[in-house]
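Student: Fold the stuff below for me.
(2 chains)
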Amino acid sequence: MRRLIPLAALLLAASPALAGDDWVPPVKDPLVLKECGSCHMAFQPAFLPARSWNRMMDELSRHFGEDASLPADKAQAIRAYLTANAGDVVTKGRARKYMQWVAPGGTPQRITENPDFERKHRFPDKVWQDPKVVTRSNCPACHRGADQGWYEDD
Amino acid sequence: MIRPILLAALLALPVAAQAADARRDAVIADYAAQARKADPAFAGFSAQRGETLFRAKWTGGDARTPSCTTCHTDNPKAAGQNAKTGRTIEPVAVSVNPKRFVDMAEVEKQFGRDCKNVIGRDCTVVEKGDYVTFMAGQ
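Tutor: Numbers count the residues shown, from 1 in each chain, chains lettered A, B, ... in the order given. Presented below is the predicted three-dimensional model:
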């Protein structure tokens, strides 16, 4: 019996989704972490459907006003990871709620425009104007576990 | 009397070895070769010109990033913050961040993005070499 308790604890730790739905699977691919995480946090692919990520990778040369072009081999590997772990593919944790708001065939690009995001982020202007925030997509400014897919600390 | 000097030299050695990096030397040598090819009278890179470039204010690029210092702060040894995303930026000064400027593909990618955003055009080879030279001494 003594052995079962650590095992149960391990199972709980390994399945954060059981502990709450303010979680998405974290990015684990080193290339995606590096290339998608140099100018901003490497957002978890579960927040957008695969078709959104395909469009994102098609339009890297005009990426929210930046030329974020990458060598073709790297772009291909990143695209494969993002689409394989997209919200409509993994349907885990918060992804299910986000995907409910995505129009069939729609290819949204901004995670922060999802109604589920907006519903959870109704703050006074002074919160958004904090110098450490800068923009709504700067998740780790407030969510300390954002890199690990945790967004519960609201 | 010789021993303390030797010891001091030994202690200083690993510090110097940490900042120096053959890969960074290769990046600078590559830029120097390009600069000589473009202008046979090229007389070497200048840390001073690199610093001027770093601190200059520009009007041709993105209005949110008029200078290198907008994101990197006035102090290259300090961490910065991306003016558009809020993301923390590791220091650019090599003495505090020895990972800087050791991979030509990375260096070119970053100059490609930042020069367009800050200056509004690609940087020249001399500007890039000057900048790396300045940061290597910081």
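Student: Show me what from chain B comes close to chain A.
Tutor: Taking CB under 8 Å from any CB of the partner chain, the part of chain B that reaches chain A is made up of B:62, B:81-87, B:105, B:112-113, B:116-117. (Each C-beta comes from the backbone N, C-alpha and C, glycine too.)
Student: try 6 Å this time
Tutor: Within reach of chain A by CB under 6 Å from any CB of the partner chain, chain B has these residues: B:82, B:85-87.
Student: nearest to chain A, of those residues?
Tutor: Among the residues of chain B next to chain A, B:Gly86 lies closest to chain A (CB to the nearest CB), at 3.2 Å.
Student: ok, residue 105 - how many residues close by?
Tutor: Assuming you mean chain A. 7 (other CB atoms under 10 Å in any protein chain shown).
Student: you looked at the wrong chain, it should be chain B
Tutor: B:Ala105: 9 neighbours (other CB under 10 Å).
Student: so it sits in a helix?
Tutor: Yes - assessed with DSSP: H, G, I helix; E, B strand; the rest coil, B:Ala105 lies in a helix.
Student: What values do phi and psi take at the nearest residue to it once chain neighbours are set aside?
Tutor: Spatially, and ignoring its direct neighbours in sequence, B:Ala105 is nearest to A:Pro71 (7.8 Å; CB to CB, 6 or more residues apart in numbering or on different chains). Torsion angles at A:Pro71 (phi, psi; degrees, to the nearest 10) stand at phi -60, psi 150.
Student: Could I get the pLDDT score of A:Pro71?
Tutor: We note a pLDDT of 95 for A:Pro71 in this prediction.
Student: again with the one 10 residues further on
Tutor: The predicted local confidence for A:Tyr81 comes out at a pLDDT of 98.
Student: show me what contacts it?
Tutor: A:29, A:32 (CB atoms under 6 Å, 6 or more residues apart in numbering or on different chains).
Student: Next, format the residues of chain B next to chain A as a markdown table and append pLDDT.
Tutor: Putting these into a markdown table (pLDDT from 0 to 100) gives the following:
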| residue | pLDDT |
| --- | --- |
| B:Asn82 | 97 |
| B:Thr85 | 97 |
| B:Gly86 | 97 |
| B:Arg87 | 96 |
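Student: picking that back up, run a quick neighbour tally on the residue nearest to B:Ala105.
Tutor: 11.
Student: The residue most central in space within chain B: which element?
Tutor: Against the mean C-alpha coordinate of chain B, by CA atoms, centre = their mean, the closest residue is B:Val132 at 3.0 Å. With secondary structure defined by DSSP states H and E, B:Val132 is part of helix B:125-136.
Student: So for that helix, mean pLDDT?
Tutor: Across helix B:125-136, the per-residue pLDDT values average to 98.
Student: next one: stretch B:48-59
Tutor: Stretch B:48-59 comes out at a mean pLDDT of 98.
Student: And stretch B:94-111, by the same measure?
Tutor: Mean pLDDT, stretch B:94-111: 97.
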